[in-house]
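>>> Just a sequence and a predicted model for now, questions to come.
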Amino acid sequence: MTRFSTSRKGRISSTACVAGVANGFAGSPGEPAAGEAADGTVASLETRLAAASVEEAIARLPEEQRLAVALVLVEGLSYREAAEAASHRCEKLGCGEVARIGAYTGPLNAAAAVGRLKAERRAQIFFFGSEEEFAGLLDAAGAALDAAWRPRVYAPGSLARAALAARERFDGEVFLVYPASPAERAGAQALGNLRREFGLTAQHGAAQRAALAAATVLTEGLRRAGRDLSRDRFVRALESLNNFDPGGFAPAVSYGPDRRTGALGGYIVALERERGLVPVSGWIRLD
């Protein structure tokens, strides 16, 4: 989910909230901008994305696989609210008993977690935790794979590095949520030109698109504010943006006095051995 937010006091921030889960989660919530309504905080928005993406993921599963869902949650982190939303949505969709496997003191014991997941034949695993713990879980799960147990793993897009390292073992079985689709053609030419001019690699395409979209919004806000720039004029200029296209680098954004997030949603992508990140959903809207 790409967020371009403005506070009512005029502070401007641009963040890429990659949440996650190809079925449903969100990246760790950030600090809400001053003056944001309670239902517009980053945590609240990411919780909604977690629930929405879980619903999309579960809807694509065969009926028998809906009975084998597990949440791996590292307690004490800010993922708890999103994990709760994912759990409730799974239950409403008829997933059966959702196993919760967590670390309450100290780091996650990946070997023990995988042992339980495999013993219970949990086929759908939603992970909420740190990159190091996710890497450990994928390593332990990869070593335990066999013909009878090949789970699908869903995680925040912020954990992509750990997922990429494990894609040889989990071909098409790890899903992430990104703020921009890696297959989006809009803005591709402009992005390609910038990469060639400044020697940028294509490794962090989603982050590059998010940064360019934020820069496009910033530039348009300054243009509309005019020469007599002030904090208040700049905020009002941004609030006038309605269905504004940020150069094709992200979905259209809209702001207003009571809307501080430009684009609410994200894309679900699968991680494949040969093709890398492959979109498996369209834009998941939350507004």
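It's in. Residues are numbered from 1 along each chain as shown.

>>> those helices in the chain, which residues are they?
42-59, 80-92, 110-119, 131-144, 160-165, 188-198, 205-225, 231-239 (DSSP state H).

>>> For Ala163, list the residues it contacts.
134, 138, 155, 170, 174, 176, 271 (CB atoms under 8 Å, 6 or more residues apart in numbering). (C-beta placed from N, C-alpha, C; glycine too.)

>>> got a winner among those for most neighbours?
Sorting those by how many neighbours each has (other CB atoms under 10 Å) puts Ala155 first, at 32 neighbours.

>>> And the pLDDT at that residue?
Per-residue confidence at Ala155 stands at 87 (pLDDT).

>>> That one - nearest residue in space that isn't next to it in sequence?
Excluding the flanking residues, the one nearest Ala155 by CB to CB, 6 or more residues apart in numbering is Phe127, at 4.4 Å.

>>> Relative to Asn193, how far out is that neighbour?
Shown here: Phe127 relative to Asn193, a distance of 37 Å by CB to CB, to the nearest Å.

>>> And for Gly157?
25 Å.

>>> out of the two, which sits in the busier spot?
Taking other CB under 10 Å, Gly157 and Asn193 do not tie; Gly157 has more neighbours (30 against 10).

>>> pLDDT weak spots in the stretch 151-287 of the chain?
For the stretch 151-287 of the chain, the stretches flagged by pLDDT under 70 are 179-186, 287.

>>> how close does the residue located most distally from the centre of the chain get to Leu264?
Centroid-distance maximum for the chain: Asp228 at 37.8 Å, with CA atoms, centre = their mean. In this view, Asp228 and Leu264 are 32 Å apart by CB to CB.

>>> now swap in Arg224 and tell me
Taken as CB to CB, the span from Arg224 to Leu264 is 22 Å.

>>> Please apply the same query to Glu220.
Relative to Leu264, and taking CB to CB, Glu220 is found at 19 Å.

>>> Quick check: nearest residue in space to Gly129, chain neighbours excluded?
Distances taken as CB to CB, 6+ apart put Val74 closest to Gly129, at 3.6 Å, once the chain neighbours are dropped.

>>> For the one you found, give me the pLDDT.
So, for Val74, pLDDT stands at 70.

>>> Quick check: beta-bridge partners of it?
With DSSP bridges applied, Val74 shows beta-bridge pairing to Ala103.

>>> In contact with it, which residues?
Here Val74 is in contact with 102-103, 107-108, 128-130, 133 (criterion: CB under 8 Å, 6+ apart).

>>> Flag the least confident of the residues you listed.
When the contacts of Val74 are compared by pLDDT, Ala103 scores lowest at 60.

>>> relative to helix 205-225, how tilted is the longest strand along the chain?
The strand that spans the most residues within the chain, counting by DSSP state E, is strand 265-272. Interaxial angle of strand 265-272 relative to helix 205-225 (axes from the mean of the first three to the mean of the last three CA atoms, to 10 degrees): 160 degrees.

>>> quick one: low-confidence ranges for the stretch 1-150 of the chain?
1-68, 75-79, 103-106.

>>> Recalculate using a threshold of 90.
Along the stretch 1-150 of the chain, the model assigns pLDDT under 90 to residues 1-109, 120-124, 126-133, 147.

>>> Look at Glu131 and say how many residues are nearby.
Residues lying near Glu131 (other CB under 10 Å) number 15.
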